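>>> A predicted structure for the sequence below; I have some questions about it.
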Amino acid sequence: MTARPHEVTQQPYQDIILQHARSPRGYCQSLERAESVTLANPVCGDEVTVMRRWTAEGLLELGFHCQACLLCKASASVMVSTLSGLAMEPAAALVRLLQTTFPTPGPALPPNISADLVALYDLRRYPTRAQCVLLPWDAINKLLYN
């Protein structure tokens with residue numbers, strides 16, 4: 001059962017999250033001419049490397065690889081599919097939205113947010129897993145602002 005946008009499901013992890021974990025978008029060992037950041041969570045052992053480059057048109061191209069749990073891998077995949085092809089400001093706005101509202105209940109998501117991001121946002125129900133979900137987003141945040 002795949003949730004419709006902004007619909008919260010009662011199953012622990014939505015199908016869309018499981019699909020991203022099984023077949024992650026943007027998973028690669030390297031991305032030519034890309035800058036990268038590697039972050040780790042020493043508490044659980046997750047480690048993710050996010051790679052970023054800009055096209056000639058000023059659009060974001062992303063890739064990642066990780067040794068991480070299902071949620072961290074799915075989160076990185078959602079991040080890649082959500083942010084790839086965006087310009088700096090729209091990408092940064094989505095990163096800020098997720099980072100500032102994920103761990104705690106916050107404002108409702110804008111209506112035009114993808115179903116993938118809504119499924120990721122639904123994981124707020126598991127605050128002990130917030131660091132797993134946010135690790136790739138913290139990495140892209142460093143790449144966007146450094």
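Nice, thanks for sending it over. What you see is a predicted model, and the numbers here were worked out from it, not measured in a lab. Numbering: from 1, shown residues only.
>>> what about this protein, any weak spots by pLDDT?
1-12, 103-108 (pLDDT under 70).
>>> Pick out the residue nearest the middle of it.
residue 79 (3.0 Å; C-alpha atoms, centre = their mean).
>>> now the nearest residue to that residue once chain neighbours are set aside, what's its secondary structure?
Closest residue to residue 79 apart from its sequence neighbours, by C-beta to C-beta, 6 or more residues apart in numbering: residue 136 at 5.1 Å. Where C-beta positions appear, they are placed from N, C-alpha and C, glycine not excepted. Following DSSP: H, G, I helix; E, B strand; the rest coil, the label given to residue 136 is helix.
>>> just residue 141 next, same as before
Classified using three-state DSSP, residue 141 is helix.
>>> so it makes contact with residue 99?
Yes - in this structure residue 141 lies within contact range of residue 99 using C-beta atoms under 8 Å: 6.6 Å.
>>> between the two, which one's more packed in?
residue 141 (19 against 14; other C-beta atoms under 10 Å).
>>> Quick check: buried residues in stretch 127-137?
By 16 or more other C-beta atoms under 10 Å, the buried positions in stretch 127-137 come out as 129, 131, 132, 133, 134, 135, 136, 137.
>>> which residues touch the residue nearest to the centre of the chain?
50, 62, 64, 136, 137, 140 (C-beta atoms under 8 Å, 6 or more residues apart in numbering).
>>> any idea which helix or strand carries it?
helix 70-83 (DSSP states H and E).
>>> Equivalent analysis for residue 24, please.
With DSSP H and E as criterion, residue 24 is part of no helix or strand.
>>> Apart from its chain neighbours, what residue comes closest to it?
Counting by C-beta to C-beta, 6+ apart, the residue nearest residue 24 is residue 77, at 3.8 Å.
>>> can I assume residue 82 is in contact with residue 112?
No - with contacts counted by C-beta under 8 Å, residue 82 stays clear of residue 112, the gap being 11.8 Å.
>>> Counting neighbours, go ahead and name the busier of those two.
Taking other C-beta under 10 Å, residue 82 and residue 112 do not tie; residue 82 has more neighbours (20 against 6).
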